[in-house]
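[1] The following comprises the amino acid sequence and a computationally predicted model.
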Amino acid sequence: MTEETLTIREMCDAYDVTPRTLRFYEAKELLFPIRIGQKRLFTRRDQARLKLILRGKRFGFSLEEIRQLLDLYYIGDQQKTQLEQTYGVAEQRLADMKTQREELDAAIAELEQQMEWGAKIIASLNESKTAAE
């Protein structure tokens, strides 16, 4: 084929994914490689879609959300709908992530307080043991 296609091995190396991941994304209709017998060739379109899939996963989008957003590329409005929908999903995800961060910060603060308490108890027990010896 042309230089614009990559084999499954080249895709794995270029995007740090496994062959199983690529086959999974193909089964979920997120990627559409050219199939020649058992061989899969990934086009520039597949490469661009994989970049978006990986970015979406990193941001916590579900595969179904990613698939729906990618499918909006083809409705013919210069990606206006796709961008608007992606922005809306991203806004919600950002709000969720901020809430999770606040919850995590609170849990960290509580754990630090408990560890300070524990350290004081351990220190006093060690002092009592040293004084008794």
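    Cool, the structure landed. This structure is a prediction, so every number in the text was calculated from the model and none was measured. Numbers count the residues shown, from 1 in each chain.
[2] what's the domain layout of this protein?
    Domains of the chain are assigned by automatic domain parsing as 1-62, 76-133.
[3] Can you say which of the ones you listed is nearest to Gln68?
    The closest of the domains of the chain to Gln68 is domain 76-133. By C-beta to C-beta, the value is 7.6 Å. (Glycine included, C-beta is placed from N, CA and C.)
[4] Do me a favour and average the pLDDT over the closest one.
    Summarised as a single mean, pLDDT over domain 76-133 is 93.
[5] where do the helices sit along this protein?
    Counting by DSSP state H, the chain has helices at residues 8-15, 19-27, 44-58, 63-71, 80-132.
[6] possible to save these as a markdown table with mean neighbour count?
    Shown next, in a markdown table, are the helices of the chain (neighbours: other C-beta atoms under 10 Å):
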| stretch | mean neighbour count |
| --- | --- |
| helix 8-15 | 15 |
| helix 19-27 | 15 |
| helix 44-58 | 16 |
| helix 63-71 | 16 |
| helix 80-132 | 11 |
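[7] Distance to Ile36 added to those, as a markdown table?
    Output for these, formatted as a markdown table (distance: least, C-beta to C-beta, whole Å):
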| stretch | distance to Ile36 |
| --- | --- |
| helix 8-15 | 12 |
| helix 19-27 | 14 |
| helix 44-58 | 14 |
| helix 63-71 | 24 |
| helix 80-132 | 30 |
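[8] Out of these, which is closest to Ile34?
    When the helices of the chain are compared (using C-beta to C-beta), the closest one is helix 44-58, at 8.8 Å.
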